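S.K.: this is a predicted model, with the sequence first.
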Amino acid sequence: MTDLIHHIAIEDDWEMSRGFGEYEVATRGTHLDDAGFIHAATAEQVPQVLAARYADISLPLLDIAIRLDALAAAGIDVEWHDGFPHIMGAIPMTREIVASELPLAR
């Protein structure tokens, strides 16, 4: 298992969340409250997620790398289902938890 997991975020959603200090978008068009978790992926799964969920939009996207150990230290569980990580709460937008925010080439 890796020490980083990834979440694909629409850049506007990520940036709008900064003022709140935490990110609550489960996946494209779905809030954490509706899904019950935030979708994530391993680095190897990112291309598959992009193709399945984001291929039809032209909005700027970010690959958010998240430290598993920092999530655990913040009391946020990660559950694995069918090989994909599910983040069981809002993501605190801190340097301890967010390892990087990389724009995705489209």
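M.R.: Structure received. Numbers count the residues shown, from 1 in each chain.
S.K.: wait, S100 touches L62, no?
M.R.: No. In this structure, S100 is not within contact of L62 by Cβ atoms under 8 Å, at 9.2 Å. Bear in mind the C-beta positions are built from the backbone N, C-alpha and C, glycine included.
S.K.: looking at the two, which one has more neighbours?
M.R.: When S100 and L62 are compared for neighbours, L62 comes out ahead with 20 against 12, by other Cβ atoms under 10 Å.
S.K.: who are the contact partners of that one?
M.R.: L62 sits next to 8-11, 14, 101-104 when contact means Cβ atoms under 8 Å, 6 or more residues apart in numbering.
S.K.: touching stretch 38-51 from outside, list them.
M.R.: When contacts are defined by Cβ under 8 Å, 6+ apart, stretch 38-51 is touched by residues 2, 4-8, 23-27, 32, 61, 63, 66, 78, 83-87, 89-91, 104.
S.K.: mind checking which of those residues are in helices?
M.R.: Of the contacts of stretch 38-51, the ones assigned to helices by DSSP state H are L32.
S.K.: with that, I have no additional questions.
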